[in-house]
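J.: sequence below, structure please.
(chains A and B)
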Amino acid sequence: MKTTGIQYWLAAAMFALAGVTAASAQDKGLENPRSTAFHQDLKDKKVVFLPLSMGFDLTEGWAAVMRKQAARLGYSFEIRDPAWSTDAGTRALSSLITEKPDLIVLHNPDIQSYARLIKQAQAAGIKIVQINLESNSTSDSYVGADWTEIGEQAAQAIVGKCDTGKGVSTKIAIDTGVPTAASDVFQLDGIYRVLKDHPAIQVVSQQATEYNAEKARSIMETVLQQHADLCGAIGIWDNQDTGTASAIQQAGKGAQVFLVTSGGGNRVGCENVEKGLFNLYISYNVPLQGDILNAEIARLLQTKSSAGEVKTMYFTPLTQITKDNINQRNCWTLDDLK
Amino acid sequence: MNRAGPLAQAGWHKGVIRKLLRSQEGIVLLLAVAAFILFSLVLPSFLSPGNLIALVRSVSILGILALGMALVVIARGIDVSMIATMVVSVAWAFVLARSGYSFETALAIGGVFALAAGLGIGLLIAFGEVAPIFATLATGSVIYGLGRTFFFQLEMQNVPPGNDWFAAIGRGTLAGIPLTIVAFAVLCAVVHGILTRTRFGWLLYAMGSNPAAARTTGAPMRPMVVAQYMISAGIAYIAGLILASSAAAINARLFNSTMIYDILLVVVLGGIGLNGGHGRVRNVVLGTVFVGILLNGMTIMNIDFTVQNLVKGVVLLLAIVADSLVNPRDEQTSQQGDL
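T.: Next comes the predicted model:
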């Protein structure tokens, strides 16, 4: 009985003491062990970005957002720019495998070229996040547009304008980019999935522009000569479709041909919507993608699981930009992101 | 007389065709005519005036660039840096215009840059005695690298807003003909004048057919070389302005495209041999129009991208094979070498 009494008092005293220390500690706040661990985990890590090429709105935008977080959290961030060359990109990726950074952010030129190297890199313990253009081989994470969904949305918009009895005709044209890129293969699948249910729609032209605005312009000019009653057009990228739009405007068919395009939501693209060059602009919002990318980088740098062990993906949301919703949230400039 | 007429005429036709088949230019001309007739019969609105204008317009810029290239190739050079010069000088001009310079000043600076690039290349070849193909291949990368590193960050540069007269170059028309085509025609006339009426033009042929002889007879070789590359750079700049005006933007990425090979395709297809010394403006026009007919017809037929490239490649190959059959390598070329 006695001992339990002493124990009781001892416990009470300890409890009070703990309360006092806690109270005095609260004056200067509490160290959050998770915050410390978070910063500790990320510090001095090495992240490398291997884009298709620098120098265009998408990659410059993502890089600006990623660079900002790297500076905030103290990990290094480097860019290897292969300048549109798949060969140079393959070489860069191979040498990165020996260099062993902690994480590579990878932008695939097509669905096949890097597939093998992605597996090798992960086997070597390097985590890989793919951005916006997928490879056939999956990795730790993919952040980017769901091209199939873009194709479906574009085709649905076109069907709404050009199905039987809705437009001047049921003829549409498709301007693709490079036939082997993820943006092309998956988007075309999305488009044709929708068109399958609307057999009246005729695709009178499907031509590759190699992302070249002048080539897109001359293709659309020729198509309009052949099919003066063209009702709609789907372009695969806003950067090239300025050319498509300029051919349509020049033929005086701006009101007749409904042009759908997609892109990262750069201010320049929005300006073209404002000017009536693009009727619908499906945006995959580069700043938002950059933020999600940053979250993925931080998550993967912290997890103890080995590279390639858990594979996740997130298809970022799409915004349909028309003349009515051109605003700060949907349209950005590179300076905003820096 | 009445009976002999048609016979004589048939003989004359045969003679002409045989004569045509004897030169590569003639073969390409026959091919072009054949393609033209075929497309006119098969494709319903191929022959419409609208389509023919679209056809020529779509290759006018290529044609303009090919004029510059032809000038250099005739003098036994080659300039594969044209696209780099074109995109960098025009893109830089647009960036300058956006950063506060007046648009006209910016365009002038872009022009000076293009000429300076041509001057640099010319000096390298004339005084550094570097082979033109290597000199221009390397400087092309240097020019593009300079541009990407120092002059502009984004490859895609839109035409600065508020310059309506500039937009008119690429989109305006003169008597129903797009100004792009008019510009091509004018430049054809100018280059033709240079090649046939000026001492500079004659010396180009002299340098091309026999450099050693040209040097011994006192041709100012080095200044001539520098001038050629400055002209081709200047033409590249003009082509770039027209291109930017017509697509409302310039994309520096063209440097990485196959455009430079398309220019060579036009030049070689038209019958200007890469060993220099021969070829005229009509060869460039022929090459341009033939490529235009092919591209236009294939676009109308909605032929797949890869197949289009295949067709272009096969045609070029045939032209080269035809050229070496028609103009076999002789003692002279084997002594002097060619590209």
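J.: can you pull out the strands in the stretch 101-250 of chain B?
T.: B:156-158, B:173-174, B:177-178, B:249-251 (DSSP state E, counting those that start in this stretch).
J.: would you mind finding the most buried of those strands?
T.: strand B:249-251 (a mean of 27; mean count of other Cβ atoms under 10 Å in any protein chain shown). Quick note: C-beta positions are derived from backbone N, CA and C, even for glycine.
J.: is any part of it close to chain A?
T.: Yes: contact between strand B:249-251 and chain A, assessed by Cβ under 8 Å from any Cβ of the partner chain, occurs at B:249, B:251.
J.: can you list the strands that that strand pairs with?
T.: Strand B:249-251 has the following strand partners under DSSP bridges: strand B:156-158 (antiparallel).
J.: pLDDT on the partner strand, on average?
T.: Here strand B:156-158 scores 82 as its mean pLDDT.
J.: what does it contact?
T.: A:56-57, A:239, A:242, A:268, B:90-91, B:94-95, B:244, B:248-253 (Cβ atoms under 8 Å, 6 or more residues apart in numbering or on different chains).
J.: I'd like the next helix or strand past the least confident helix or strand in chain A by mean pLDDT.
T.: Lowest on mean pLDDT, DSSP states H and E among the helices and strands of chain A sits helix A:2-26, with a mean of 62. Downstream of helix A:2-26, the first helix or strand assigned by DSSP states H and E is helix A:33-42.
J.: parallel or antiparallel, which strands does the following helix or strand past that following helix pair with?
T.: Of the helices and strands lying after helix A:33-42 in sequence (DSSP H and E), the nearest is strand A:46-50. Pairing partners of strand A:46-50, with direction, according to DSSP bridges: strand A:76-79 (parallel), strand A:103-106 (parallel).
J.: ok, residue B:54 - contacts?
T.: Residue B:54 sits in contact with A:218, A:221, A:222, A:225, B:296, where contact means Cβ under 8 Å, 6+ apart.
J.: assign the nearest residue to the third one once chain neighbours are set aside to helix, strand or coil.
T.: Read that as residue A:222. Counting by Cβ to Cβ, 6 or more residues apart in numbering or on different chains, residue B:299 is the residue found nearest to residue A:222 once chain neighbours are left out, at 4.7 Å. Following DSSP: H, G, I helix; E, B strand; the rest coil, residue B:299 is assigned to helix.
J.: state the number of residues packed around residue B:299.
T.: Using other Cβ atoms under 10 Å in any protein chain shown, residue B:299 has 24 other residues around it.
J.: quick one, what contacts it?
T.: Going by Cβ under 8 Å, 6+ apart, the list of residues near residue B:299 reads A:205, A:207, A:218, A:219, A:222, A:223.
J.: tell me which of the residues you listed is nearest to chain B?
T.: For those, the residue nearest chain B by Cβ to the nearest Cβ is residue A:218; the value is 3.6 Å.
J.: quick one: that closest one is in a helix?
T.: Yes: counting by three-state DSSP, residue A:218 is found in a helix.
J.: what about the closest residue to it other than its chain neighbours, which helix or strand?
T.: Among residues not flanking residue A:218 along the chain, residue B:58 sits closest, at 3.6 Å (Cβ to Cβ, 6+ apart). Using DSSP H and E, residue B:58 falls within helix B:49-74.
J.: in that helix, what counts as buried?
T.: Buried residues in helix B:49-74, defined by neighbour count with 16 or more other Cβ atoms under 10 Å in any protein chain shown: B:51-74.
J.: so which residues on the stretch 51-200 of chain B come close to chain A?
T.: So the stretch 51-200 of chain B meets chain A at B:51, B:54-55, B:57-58, B:61, B:148, B:153-156, B:158, B:171 (Cβ under 8 Å from any Cβ).
J.: tell me the two of these that are most distant?
T.: The most widely separated members of these, counting by Cβ to Cβ, are B:51 and B:153 (39.5 Å).
J.: what residues are up against whichever residue of the stretch 1-150 of chain B sits closest to chain A?
T.: Using Cβ to the nearest Cβ, the single residue of the stretch 1-150 of chain B nearest to chain A is residue B:58, 3.6 Å away. Residue B:58 makes contact with A:218, A:221, A:222, B:292, B:295, B:296 under the criterion Cβ under 8 Å, 6+ apart.
J.: same check on residue B:192?
T.: B:280, B:281.
J.: measure it to residue B:43 for me?
T.: Per Cβ to Cβ, to the nearest Å, residue B:192 is found 32 Å from residue B:43.
J.: again with residue B:19
T.: 30 Å.
J.: what do you get for residue B:31?
T.: For residue B:31, the distance to residue B:43 (Cβ to Cβ) stands at 17 Å.
J.: before we move on, the earlier item: how close does the residue of the stretch 1-150 of chain B closest to chain A get to residue B:133?
T.: 28 Å.
J.: got it, and residue B:286?
T.: Relative to residue B:133, and taking Cβ to Cβ, residue B:286 is found at 24 Å.
J.: cool, and residue B:290?
T.: 25 Å.
J.: more neighbours: which of those two?
T.: Remark: of residue B:290 and residue B:133, residue B:290 carries more neighbours, 24 against 15, as counted by other Cβ under 10 Å.
J.: is that one in contact with residue B:28, as I believe?
T.: Yes: Residue B:290 lies in contact with residue B:28 (Cβ atoms under 8 Å); the separation is 5.8 Å.
J.: tell me, what's touching those two both at once?
T.: Contacts common to residue B:290 and residue B:28, judged by Cβ under 8 Å, 6+ apart, are B:269, B:270.
J.: next one: stretch B:246-261 to chain centre, how far?
T.: Relative to the chain's own centre, stretch B:246-261 is displaced by 14 Å; criterion: Cα atoms, centre = their mean, to the nearest Å.
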